[in-house]
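Q: Predicted model follows, preceded by the sequence.
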Amino acid sequence: MKFKLSSGLFIFLTPVLLWLFLLIVIPQIELLLMSLRGENNLGEPIWTFANYLHFFTEEIYWYTFVRTATYAIIVTVLTFIVTFPVAFYITKVVSKRLSVFLTILLLVPFWVSELVRVYGWMILLRESGVLNHIMLSLGLIDKPVEMLYNDISMIMGLVYTSMLFMVVPLISSLEGMDDSLIEAAHDLGASKWTIFTRIVIPYAAPGITSGSIVVFMLALGNYLTPNLMGGKNSLWFTEQIYNQFIASFNWNQGAAFGFLLLLLSSLIIWVGLKMSKQQLGRVLS
Amino acid sequence: MIRSLPQDRGYSFGFKFYIICYFIFLFAPLLVTCVLAFNDSNFPSLPWKGFSLDWFFANTGERVGIFHDSSNLSSIWVSAQTAFIVSVLSLIVGTMGAFLFEQQDFPGKQGLYFLALTPLVIPGVILGISLLLTANALGLFIEESTGLDIPLLRPSFWLVVFGQFSFISTFVLLVVSARLRKFDHCLEEAALNLGASRFDVICSITIPFLRPALIGGGAVAFLMSFENFNTTLFLVGSDTTLPVNLYLQVRDGSSPVINAVSLLLIVSTSLLAMINLLINRDKKVE
Amino acid sequence: MPVVLDIVDLTKRFADFVAVDNVCFQAEEGKFFSILGPSGCGKTTLLRMIAGFLEPTSGSLQIRGKDMLGIPPNRRPVNLVFQNLALFPMMNVADNIGFGLKRQRCPKKEIASKTEAMLERVHLSGYGSKDISQLSGGQKQRVAIARALVLEPSILLLDEPLGALDLKLREQMKIELKNLQREVGTTFIYITHDQSEALVMSDTVAVMNAGRFEQIDTPRNLYSRPASSFVAGFVGETNIFAASVEDISPTLRLRAENGVLFKATAMQEMAGAKKGRLFIRPEAIILEPDSGLDNLNRFEVTVRTILFDGSNTKILAMLGDREITVALPQNQQFAHITPGETVSAGVHIDACKCYPGE
C-alpha cells in the first residue's frame, strides 16, 4: 500500500530495531569491548590485548581452535556425503507417495531435543551400552569395548545432530529440479557419474551451500555433543569458552575466545559464499 | 537412475540398502532410549529384566519415577513457560519484521535485513555469553549509579527468554516472510475496494492468509525454545530448563528416569509435529 | 441521460513518465463504457485513479457530481473487478459476495438474502457454500462480478476480467456480461486490449494510446470512421500502406509504397502533407468487380494462400510486392480460386482511408 506508509513503517520498524540492536548488535559490541579489557599489575581495569596475546601464546588454546574449525569442516563434508543420497532417493527415485511418507519420517527425529538424541547414542555406545551387550552375547567380542568418548564418536554425533539442516535444503532444491533434465542427460548418453557431477549437483548448489553453512555453524558452536560424546579430551573450543566463563570466571578471556569464534565462523561462511558465488539473504531464505 | 528411467538391479538394490541403513542409524538411538525406559533395571542398559512402569510412576526410596521427580517436573514447567513466552514474543516481532521487509520500503532496508539474518550465523554459545556480558554490565552500571539491584539482569528466567527470543525471531521472520511473499496484493486492494477499512483488511484477509505460517512458525518457535541448550546454558539462573537439567543428570551419571523423560519428549514432540503437519495440509490455500 | 462519471484533464505522472495525459471524458448513467488500448497505454493507471488506488497528479474526477480526489478507495461508490479476480481464497463463495455488505454493517439476514439474490442473478444458485478453489474459471468470473455488484455501486470497473479465460469461454462471457449489464443497469467501465470485447459489448468505446484518448465513439463509428491513423490501425483488421501524396484536388491521389496508384478519401486535413498512411479493410476489397462500377481503384492481385476459416475465410494475395489480406464473401462465390491465380480486384474510393503522416 502506498498510502499511510509512514505510520505503518514506524509500527513495524520499532520492534525490529529494538530486537536487533538491544539483543544482537549491542551484545556483540559488548563482547568485543569486554575482550579488550583486563587488569594491570595493581589490579586496576585497563584496555589491553592481553587476552588475545594469551590465546596466541598458549598452545592448547590455539590447538583447540584449529582443531574445532577442522573438525567442523569435516563434519560438514561428511553430513553432505551421508545425506545427499537420501535426499536424491526421496525426491527422485522412490514413488511419489512413499516419498511424502519418507520425508515425514526423516524429519520426526529432529523435532526431538538434541540432548535426548545424544543421550540415546550414549546408552548405545558406551562400555556398558546396548551395542556392547549385543556384540558380547553374539560372541563377536570377549570383553566390552569403549566406543564412546573419542573423536570418531564425537564426529558421528555431530553429523547425526546436523543432518536435518543439510537434508531439508537438499530436498527442497532437488524437488525443484525437473526430472526431464536427468532424462535428457540420460538420453544424450551421459553416465550416472556425469549426470550427478554435471547436472544434479550444480542444480542443487544453492541447497548445498545453505545446508553447509548452517551445518558448519551448528557444529562449530555446538557444546553439548562434543562435551558428552567426546569425553574428557574432546577439546572443543566452546568448552574452552565455557571453562573461562563458568569454571575460571575469567570473563575477559572468555569474551576474547567468543569473539575469535565469531570471527572464525563469519570468515568461513564468507569464504563459502564467495566460493559458491551466492548471497547470504538468498541462501538462508 | 530416477523413477522414470530403467534401473539396473545393482544400483537399485544398493540404493535401497543404503536408505534402510540410514533410517536405522536415524532411529536407533531414539528407539533404544524409549525401550529402556520400560526396563525393570536400575541402569538404562541391557540385559532386559522385564517390563516395568517404575520409571514413570514409582515413588520408593530406590526408584523415583518421572511423575514424582520434582526436579525434572519443575524444569519441564519452566521450559514450557519459557517456550510459551518466547514463541508469543517471537511471533509478534517476527511477523512485524516480515511485514517490514516484505511490504515497506525505507533507506537501509538491505542492511537491516542482513542484520536480521545474522542470528542464524552467530553460534548460540556466542549469543548466550554476549547477552550475559551485556546484562551484567548494564546491571553493574545501574547498581553503581542508582544503587538499585535489578535481578532481571542476572542469569534468570527472563534473561533466558530474551536470549532465545533473539534468534528464534529470525526463524519466525523467515517462515512468515515466505508466506507473505506469496500474498497477492490484489486481495488487499479488493477488500479496500469493497469498503473494508485498513484494520478490517488485516483481520479478515491478511491474518487468515498467514495463519498456516503463523501456526507453523509458532510451533517451530515453541520447540526450538523448549529444546534450546547452547544459549540457555549461559543465561540460566535458579530456574533450570529441562535440557539444562537433563544435561546435568546425564553428565553426572544416568538413570532410566532420563529415558522416561526422553520418551515423553519424543512422544509429545512427534504428536505436535504431526498435528502441525496435518493443520498445514488442511489449511493449504493456494 | 445524467452523467455519472466526469473526468476533466486528468493527468498522472510517474517521475518523468506521463502515464495518463490530460484525459477528459464523461460516462452516462447505465451505459457500458469501454476503454480500449494496447498494453502500457495507461488504461490501468486511469482505472486505478477512478478506484482510488492512485492519486492523480492533476485534473478533476467527479462521481455523481461529487469530487473524489482525496477520498480513499474504501469510501468511493465504485467497485472493481480485478484482472486476476482477487477472490479471497480463505472464504467460500457466499462470504466473498457478502464481504462488502458485512463491512457496511448490514444485518446478517439481509446479507444472506442479497447474496442469494445475487448468486441467482449470475446463475450460481446453490454455490454459496463452495470453496473458491472448487469453481471453474467462468464461475470465478461471475463470483467476482457478483461480489462487486451486490454493493450496488454507482460504477462498476472491470480490469480485463476475461483475459485469463480460454477463447470459447471468453466469447460466451462477453454475451453474458452484456446481458447482465443491461439487466442491472449499472454503469460499467470496462478496460481491455481486446478490440472484439470492446466492440461487442460497449455502448461507447474510448480508444487510448500513449496516455491520451484518440477517439470516444460508438463501436460502429470507430470501425467505419476512425478519427486517427492509430484508431484505424488498432481497431479491426486492415491493410496499411505507407504512401506519398501525388495530388490533393480534385481527388486525393496517393502512390503506395508498392507503386500502385490509389484514389483515396482524406480522413484528416491533407493540405501540405507529402506522406500519408492508407488503410483498406480486407472486406472492402472486391474480387472480379463489375466493369460498370464507378469510383473504384482497380488492380490485379496474385493469390498466394487461402486461409480457410468457414465464414471468415480470407486470402493472402500479392499486390505488386506487397502482401494484402482480402476477405471473401460468404456465398462461396470464389470457392474456385486457387493459389497462383491472378484475379482482378477493386476497392471503392470511400474505403481507401488516408491520414497524413509517415
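A: The structure has been received and is ready for your questions.

Q: Hmm, A:Gly221 is touching B:Ile126, no?
A: Yes. With contacts counted by Cβ atoms under 8 Å, A:Gly221 reaches B:Ile126, the gap being 6.9 Å. For glycine as for every other residue, the C-beta is placed from the backbone atoms N, C-alpha and C.

Q: which residues do the two both contact?
A: Taking Cβ atoms under 8 Å, 6 or more residues apart in numbering or on different chains as the contact rule, A:Gly221 and B:Ile126 both touch A:Leu261.

Q: Could you find the closest non-adjacent residue to A:Pro206?
A: Once flanking residues are discounted, A:Pro206 sits nearest to A:Ser173: 5.7 Å by Cβ to Cβ, 6 or more residues apart in numbering or on different chains.

Q: now do C:Val143
A: Nearest to C:Val143 is C:Val93, by Cβ to Cβ, 6+ apart, at 5.5 Å.

Q: Likewise for A:Glu146?
A: Using Cβ to Cβ, 6+ apart and skipping residues adjacent in sequence, the residue nearest A:Glu146 is A:Glu127, 4.7 Å away.

Q: number of nearby residues for that neighbour?
A: A:Glu127 has 13 neighbours, counted by other Cβ atoms under 10 Å in any protein chain shown.

Q: Contact partners for it?
A: With Cβ under 8 Å, 6+ apart, A:Glu127 has these contacts: A:144-148.

Q: Same check on C:Glu214?
A: Per Cβ under 8 Å, 6+ apart, neighbours of C:Glu214: C:207-208, C:227-228, C:230-231.

Q: Can you classify C:Val23 by secondary structure?
A: Under DSSP: H, G, I helix; E, B strand; the rest coil, the three-state class of C:Val23 is strand.

Q: got a list of what it touches?
A: When contacts are counted by Cβ under 8 Å, 6+ apart, C:Val23 touches C:7, C:9-11, C:46, C:59, C:208, C:211-213.

Q: let's go with 10 Å and repeat that
A: Listed by Cβ atoms under 10 Å, 6 or more residues apart in numbering or on different chains, the contact set of C:Val23 reads C:7-12, C:35, C:42-43, C:45-46, C:49, C:56, C:59, C:206, C:208, C:211-213.

Q: Can you flag which of the residues you listed belong to helices?
A: Among the contacts of C:Val23, DSSP state H puts C:43, C:45-46, C:49 in helices.

Q: Flag every buried residue along the strand or helix carrying A:Ala72.
A: Using DSSP states H and E, A:Ala72 maps to helix A:59-88. Within helix A:59-88, the residues that count as buried by 16 or more other Cβ atoms under 10 Å in any protein chain shown are A:61, A:64-65, A:68-69, A:71-73, A:75-76, A:78-80, A:82-88.

Q: Helix or strand next in line after it, which one?
A: Next along the chain from helix A:59-88, counting by DSSP H and E, comes helix A:96-111.

Q: Need the residue closest to the centroid of chain B.
A: Taking Cα atoms, centre = their mean, the centroid of chain B lies closest to B:Met224, which sits 1.4 Å from it.

Q: now C:Leu293: how far from C:His348?
A: According to Cβ to Cβ, to the nearest Å, C:Leu293 and C:His348 sit 8 Å apart.

Q: C:Ile285 and C:Val347 touch, don't they?
A: Yes. Using Cβ atoms under 10 Å, C:Ile285 is in contact with C:Val347, at 5.1 Å.

Q: show me what contacts residue 156?
A: By default, I'm working from chain A. Taking Cβ under 10 Å, 6+ apart, we find A:Met156 in contact with A:75, A:78, A:82, A:121, A:125, A:147, A:150, A:225, A:229, B:25.

Q: oops, chain B please
A: Counting by Cβ under 10 Å, 6+ apart, B:Ser156 has contacts B:135, B:150, B:162, B:235-239.

Q: could you dump those to TSV with distance to chain A, neighbour count and pLDDT?
A: Compiled in TSV, the contacts of B:Ser156 are given as follows (distance: Cβ to the nearest Cβ, whole Å; neighbours: other Cβ atoms under 10 Å in any protein chain shown; pLDDT from 0 to 100):
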residue	distance to chain A	neighbour count	pLDDT
B:Ala135	9	23	90
B:Ile150	15	13	78
B:Phe162	6	21	92
B:Leu235	11	26	88
B:Val236	11	24	87
B:Gly237	13	13	83
B:Ser238	15	8	83
B:Asp239	17	19	84
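
Q: for those residues, which one is nearest chain C?
A: The shortest approach to chain C among the contacts of B:Ser156 belongs to B:Phe162, at 34.5 Å (Cβ to the nearest Cβ).

Q: which SSE is that closest one in?
A: helix B:157-181.

Q: can you pull the buried residues of that helix?
A: Neighbour-count burial for helix B:157-181, with 16+ other Cβ under 10 Å as criterion, is recorded at B:157-177, B:179-180.

Q: can you tell if it touches chain C?
A: No. Using Cβ under 10 Å from any Cβ of the partner chain, helix B:157-181 never reaches chain C; the gap is at least 12.5 Å.

Q: For C:Ile285 and C:Val347, list the residues in contact with both.
A: In contact with both C:Ile285 and C:Val347: C:239, C:297, C:299, C:324, C:326, using Cβ under 10 Å, 6+ apart.

Q: Residue of the stretch 151-285 of chain A closest to chain C, please.
A: Closest point on the stretch 151-285 of chain A to chain C, by Cβ to the nearest Cβ, is A:Glu175, at 22.3 Å.

Q: List the residues that contact that residue.
A: Contacts of A:Glu175 (Cβ under 10 Å, 6+ apart): A:87, A:90-92, A:99, A:103, A:207.

Q: With C:Ala94 instead?
A: So C:Ala94 contacts C:111-112, C:115-116, C:118-119, C:127-130, C:143 (Cβ under 10 Å, 6+ apart).
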